[in-house]
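Engineer: Mind folding the following:
(one chain, ligands or ions: 1)
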Amino acid sequence: MCNNFNKKFLDEAAKAIQNNDYDSIDDHEYFMNEAVKTAIQGMNNNEGGPFGCVIVKDGKIIGKGNNKVTSSNDPTAHAEVIAIREACKNLNSFQLDDCIIYTSCEPCPMCLGAIYWARPKKVYFGSNKKDAANIGFDDAFIYKELPLPYEQRSIPFEQINRDNALKAFKLWDEKEDKTEY
Ligand SMILES: [Zn+2]
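Structural biologist: Sure, this is the predicted structure:
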């Protein structure tokens with residue numbers, strides 16, 4: 001049954017590619033299914049949590065990632081971050097022009113930030129943050145921290161030596177051969 005399910009998506013995707021129709025709803029289902037498959041594979045390999053992501057440009061997957069936080073001892077190794085890194089490497093670019101991100105779950109605040117920096121054209125997500133919270137992946141607390149005064153955050157933030165830090169900004173401002181982004 002599972003194989004038939006996948007075959008249906010593969011057949012539809014092959015048809016859509018033949019017809020050069022990259023925006024059909026079937027494509028979206030196919031790529032979302034790829035993101036979910038990546039999530040399940042990674043989880044079954046004990047690489048990390050049940051999250052997967054694929055990045056698509058011109059109907060082709062150019063980046064793929066699954067959560068690898070626990071296996072790589074990297075708290076930033078979320079599916080979306082890994083997929084963004086791979087896609088940018090493949091594009092040889094620091095932004096995802098005209099790319100579509102398919103992620104198996106609504107992005108956490110870190111990945112949301114990474115996605116905005118990467119500037120794709122659109123994001124599709126499968127399950128949402130409430131679904132994630134239901135199985136113990138609750139990122140709502142980070143959203144609640146954002147508007148709090150620095151000293152009231154659960155990890156206190158404190159500004160020190162601003163004048164010293166501003167030297168780097170002054171040098172950047174004056175740098176003539178910089179790559180803006
Ligand atoms: Zn994330």
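Engineer: Which positions within stretch 169-176 qualify as buried?
Structural biologist: By 16 or more other Cβ atoms under 10 Å, stretch 169-176 has no buried positions at all. The way it works is simple: take the backbone N, C-alpha and C, and place the C-beta from them, glycine included.
Engineer: if I look at the residue nearest the centre of the chain, how far off is residue 160?
Structural biologist: The centroid of the chain falls nearest to residue 80 when counting by Cα atoms, centre = their mean (2.1 Å). Noted for residue 80: a distance of 32 Å to residue 160, by Cβ to Cβ, to the nearest Å.
Engineer: And residue 103, by the same measure?
Structural biologist: For residue 103 relative to residue 160 (Cβ to Cβ), the value is 37 Å.
Engineer: Just want to know which of these two has more residues nearby.
Structural biologist: residue 103 (28 against 6; other Cβ atoms under 10 Å).
Engineer: Report the contact partners of the more buried one.
Structural biologist: Shown in contact with residue 103 (Cβ atoms under 8 Å, 6 or more residues apart in numbering): 35, 51-53, 79-80, 83, 111, 123-126.
Engineer: So among these, which ones count as buried?
Structural biologist: By 16+ other Cβ under 10 Å, these give 35, 51-53, 79-80, 83, 111, 123, 125-126 as buried.
Engineer: who touches residue 79 in this structure?
Structural biologist: Residue 79 neighbours (Cβ under 8 Å, 6+ apart): 35, 38-39, 42, 51-53, 65-67, 103-104, 111.
Engineer: okay if I get those as CSV plus secondary structure and distance to the ion?
Structural biologist: What follows is these, written out as CSV (DSSP: H, G, I helix; E, B strand; the rest coil; distance: Cβ to the ion, whole Å):
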residue, secondary structure, distance to the ion
35, helix, 13
38, helix, 14
39, helix, 12
42, helix, 14
51, coil, 7
52, strand, 12
53, strand, 9
65, strand, 10
66, strand, 12
67, coil, 8
103, strand, 9
104, strand, 11
111, helix, 3
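Engineer: can you map out the strands along this protein?
Structural biologist: 52-57, 60-66, 100-105, 122-127 (DSSP state E).
Engineer: and the ones you listed as a markdown table, adding distance to residue 135 and mean pLDDT?
Structural biologist: What follows is the strands of the chain, written out as a markdown table (distance: least, Cβ to Cβ, whole Å; pLDDT from 0 to 100):
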| stretch | distance to residue 135 | mean pLDDT |
| --- | --- | --- |
| strand 52-57 | 15 | 98 |
| strand 60-66 | 16 | 98 |
| strand 100-105 | 10 | 98 |
| strand 122-127 | 9 | 98 |
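Engineer: Just name the shakiest helix or strand of this structure by mean pLDDT.
Structural biologist: When the helices and strands of the chain are scored by mean pLDDT, DSSP states H and E, helix 2-18 comes last with a mean of 57.
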